[in-house]
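Asks: no FASTA, just this:
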């Protein structure tokens, strides 16, 4: 588990690992980055109480660097990647290892089950788990067991990922997808099973969600440019929507100028594009967000455009090779 400034979530995440019902020996290796919020002290306190917790320094601080540092320091032949925002059910490790052995796969993973506690987080979780939010991929909404392009987190054969070079430390987000691409390219198997379901705690505010989505979109765009043959059409829908809405607004402003100048304001037709998007967001909110209550539904009206626009704008910037200039300002 890479850990950086996660004082709010890390105890619950680590506790869920220590409570696994897996029969064999295991250790919890935490790659601790240079945190400033009390995470270091909390992690050291937990490690002093339970000898299964091992702390290794992640001086770089990035997720892929922390993952590689932890993997190299790990003792056992199976690596289970964990996120500090995730909570594993007690049977996760047991099912993951059993599936790894049964299928002969190189990596096994399941569903990111986003669950919120506040109305805002519930809105984010609902967006994550619907097709109108993050696209409805199996790792978000579930599906049939079988070979997959990628999976959430992952239970790896250590020798398999060492053989292909571990995580690419130059890729700050989307490193799971890129590693799974190399595993498959080397003849390995990535296996999805809906039996593995991990609780994930969404970001707690609009600003943190926006930074997360912008950074994720940036690196998704970067990966789409690097590996054009490995990307489905779904990745290009949000950036196309962003470009369309921006173009529609600009055309609408041009129409206002035409009207002021006494010219037929035909450019006002461009406003139909953002108008259609607004109707789409309202319809989606009515359709999928109501079970979470009124406040969460209101937040959904904000969350959905935040995800779409930040991710889509990030994708465009990453695809245009601007990743290195912006990711330093978007956070983990």
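Replies: Yep, that arrived. Just so it is clear, the structure is predicted and the values come from calculations on it, not from any experiment. Residues are numbered from 1 along each chain as shown.

Asks: On the three-state scheme, residue 154 is what?
Replies: strand (DSSP: H, G, I helix; E, B strand; the rest coil).

Asks: Next up, the contacts around it.
Replies: Residue 154 sits next to 80-81, 107-109, 176, 180 when contact means Cβ atoms under 8 Å, 6 or more residues apart in numbering. C-beta here means a position set from N, CA and C on the backbone, and glycine is covered the same way.

Asks: Just the ones of those residues in helices?
Replies: Among the contacts of residue 154, the residues falling in helices (DSSP state H) are 176, 180.

Asks: Report the buried residues of stretch 229-244.
Replies: Buried residues in stretch 229-244, counted by 16 or more other Cβ atoms under 10 Å: 231, 235-236, 238-239, 241-242, 244.

Asks: tell me the mean pLDDT over the longest strand along the chain?
Replies: The longest strand of the chain (DSSP state E) is strand 190-200. Across strand 190-200, pLDDT averages out at 91.

Asks: repeat for stretch 94-102
Replies: Averaging pLDDT along stretch 94-102 yields 96.

Asks: centre of the chain versus that stretch, how much separation?
Replies: Distance of stretch 94-102 from the chain centroid (Cα atoms, centre = their mean, to the nearest Å) equals 24 Å.

Asks: same deal with stretch 304-311?
Replies: Here stretch 304-311 shows a centroid-to-chain-centroid distance of 14 Å under the convention Cα atoms, centre = their mean.

Asks: Ok, stretch 254-270 next?
Replies: Here stretch 254-270 shows a centroid-to-chain-centroid distance of 42 Å under the convention Cα atoms, centre = their mean.

Asks: One more: stretch 168-182?
Replies: With Cα atoms, centre = their mean, you get 12 Å for stretch 168-182.

Asks: re earlier: and the longest strand of the chain, what does it pack against?
Replies: Under the contact definition 3 or more Cβ pairs under 8 Å, 6 or more residues apart in numbering; DSSP states H and E, strand 190-200 sits against strand 86-87, helix 92-103, strand 107-114, helix 138-141, strand 146-147, strand 152-157, helix 175-185.

Asks: what's the angle between the third one and strand 152-157?
Replies: Between strand 107-114 and strand 152-157, the angle comes out at 160 degrees (axes from the mean of the first three to the mean of the last three Cα atoms, to 10 degrees).

Asks: so what strands line up beside strand 107-114?
Replies: According to DSSP bridges, strand 107-114 forms sheet pairs with strand 152-157 (antiparallel), strand 190-200 (parallel).

Asks: just the ones you listed: most buried one?
Replies: strand 152-157 (a mean of 24; mean count of other Cβ atoms under 10 Å).

Asks: Run through the neighbouring helices and strands of the next helix or strand after that one.
Replies: Under the assignment DSSP states H and E, the closest C-terminal helix or strand after strand 152-157 is helix 158-163. For helix 158-163, the elements it packs on are helix 63-73, strand 78-80, helix 175-185, judged by 3+ Cβ pairs under 8 Å, 6+ apart.

Asks: Compute the inter-axis angle for the longest strand of the chain and helix 92-103.
Replies: Going by the same axes, to 10 degrees, strand 190-200 makes 170 degrees with helix 92-103.

Asks: Could you list the residues in contact with the helix or strand that strand 190-200 is followed by?
Replies: Later in the chain than strand 190-200, the nearest helix or strand by DSSP H and E is helix 206-226. Residues outside helix 206-226 that contact it (Cβ under 8 Å, 6+ apart) are 120, 124, 171-174, 177-178, 202-203, 231, 235-236, 238-239, 302-303, 306-307, 310-323, 326-327, 330-332.

Asks: Please consider this matter closed, and thank you.
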